[in-house]
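Enquirer: Fold the following for me, if possible:
(one chain, ligands or ions: 1)
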Amino acid sequence: MKPAAFEYHAPATADEAIALLADLGDEAKIIAGGQSLVPMLALRLAVFEHLVDLRRLDELRGIETRGDAVRIGAATTHAEVGRSEDVRRGVPLLARATPLIGHFQIRNRGTIGGAIAHADAAAEYPAVALALDAEIEALSPRGRRTIPASEFFTGMWTTDLAADELVTGIVFPMWRGRCGFAIEEFARRSGDFAMAGAAVAVRLDADSRVERCAIGLFGLAATPVRATEAEAGLVGSAVDATRAEEIGRVATAGLTAISSDVHGSADYRRRVGAAMVARAWRRAVEEAGND
Ligand SMILES: Cc1cc2nc3c(=O)[nH]c(=O)nc-3n(C[C@H](O)[C@H](O)[C@H](O)COP(=O)(O)OP(=O)(O)OC[C@H]3O[C@@H](n4cnc5c(N)ncnc54)[C@H](O)[C@@H]3O)c2cc1C
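Expert: Now for the predicted structure:
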């Protein structure tokens, strides 16, 4: 099947792009790497009369360390994120998530802004953004605003973005100190979206007590989810006393809307999710302990 006919626009600036979105209304859609949108158009799950391509917008590309954060332009590809020394040093969890996204062909074209805006509940970057309290920068004809990741993902493939709003960048705060980071997921085949996954960040104090931690879950609800209850229960505990399996169980216990599908029942997914949390916790804690 082929996409329905559409008019193609390639604006030269972000301001031109949002002006087009405002003029064309609901009939227009941004296209970045096309790795999620093109299959949807080809299968006619989505039909738009106008596509607004970001490929000429160099202002949306690039990775920069700014003080205690790393800012990544929305049109930066997954492959560029994966190769970045700034990301490896400043946001190791994001660097480790990147090879888990699809295949290298997808990572060469897909963009971080596209992954965040597409908001697939099984995608890695949204869960990492949520776990690390990233902020999403957006531009519209009404101006610029910054949206905390905790407020950005509002439902299945749905975000807080307005139809005429463009993601321009994502800002990831760095964690400093005795930190460890790990991401684990289970997928039927390498390169598939995860059936369940967990992204974990942990910081230990000098006495090896958990000073701060974050657990982001993906593939287990309509949006990525933070396991806030499990996190709160861990802060202040001696790391030797934390039991990874129990953490996995608590982290997934509150999930009420896991879907059953051809890949597995809700109960199976929850158990896989708990195992992913346990694995990621162990690895993150081990890394933090070696720091
Ligand atoms: C076979 C296959 C396997 C995949 N596996 C995975 C996987 O395991 N994990 C994973 O996370 N992803 C996976 N993907 C998806 C891939 O990561 C996509 O690249 C990503 O989800 C979307 O990025 P994109 O730049 O291609 O966006 P596009 O496909 O161009 O756009 C996706 C959506 O985001 C919107 N959008 C794009 N950029 C912006 C912006 N700057 N501002 C506002 N809206 C914007 C578009 O309008 C559209 O609605 C897979 C894709 C394929 C084809």
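
Enquirer: Could you use CA atoms for every contact and neighbour count after this?
Expert: OK.

Enquirer: Write out the residues of the stretch 1-150 of the chain neighbouring the ligand.
Expert: 29-37, 74, 101-102, 106, 110-111, 113-115, 117-118, 123-124 (C-alpha under 6 Å from any ligand atom).

Enquirer: Return the subset of these lying in helices.
Expert: Among those, DSSP state H puts 37, 106, 113-115, 117-118, 124 in helices.

Enquirer: I'd like those residues laid out as TSV, including pLDDT and neighbour count.
Expert: Putting those into TSV (pLDDT from 0 to 100; neighbours: other C-alpha atoms under 10 Å) gives the following:
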residue	pLDDT	neighbour count
37	96	19
106	97	18
113	98	29
114	98	23
115	98	22
117	98	21
118	98	18
124	98	32
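
Enquirer: Just give me the closest of those to residue 188.
Expert: Lowest distance from residue 188 to those (C-alpha to C-alpha) belongs to residue 124, with 15.6 Å.

Enquirer: so what's that closest one up against?
Expert: Shown in contact with residue 124 (C-alpha atoms under 8 Å, 6 or more residues apart in numbering): 97-98, 100-101, 218.

Enquirer: one more time with 10 Å
Expert: Listed by C-alpha atoms under 10 Å, 6 or more residues apart in numbering, the contact partners of residue 124 are 94, 96-101, 115-116, 183-185, 193-194, 197-199, 216-219, 224.

Enquirer: How about residue 175?
Expert: By C-alpha under 10 Å, 6+ apart, the residues touching residue 175 are 68-69, 90-92, 132, 181, 201-203, 212.

Enquirer: And for residue 272?
Expert: Listed by C-alpha under 10 Å, 6+ apart, the contact set of residue 272 reads 185-186, 195-197, 220, 248, 252, 264, 266, 278.

Enquirer: How far does the host helix or strand of residue 52 sit from its chain's centre?
Expert: If you go by DSSP states H and E, residue 52 is part of strand 50-53. Relative to the centre of its chain, strand 50-53 is centred 23 Å away, using C-alpha atoms, centre = their mean, to the nearest Å.

Enquirer: What of stretch 135-150?
Expert: Its chain's C-alpha centre and that of stretch 135-150 lie 16 Å apart, by C-alpha atoms, centre = their mean.

Enquirer: Repeat that for stretch 257-272.
Expert: Counting by C-alpha atoms, centre = their mean, stretch 257-272 comes out at 21 Å from the chain centroid.

Enquirer: Let me know the outermost residue of the protein.
Expert: Distance from the C-alpha centroid of the chain, by C-alpha atoms, centre = their mean, peaks at residue 207 (31.9 Å).

Enquirer: Tell me the secondary structure at that residue.
Expert: coil (DSSP: H, G, I helix; E, B strand; the rest coil).

Enquirer: Show me the helices in the stretch 1-150 of the chain, by range?
Expert: With DSSP state H, counting those that start in this stretch as the criterion, the stretch 1-150 of the chain has helices at 14-24, 37-42, 78-83, 85-90, 92-97, 104-109, 112-118, 124-131, 149-152.

Enquirer: Thanks a lot, see you next time.
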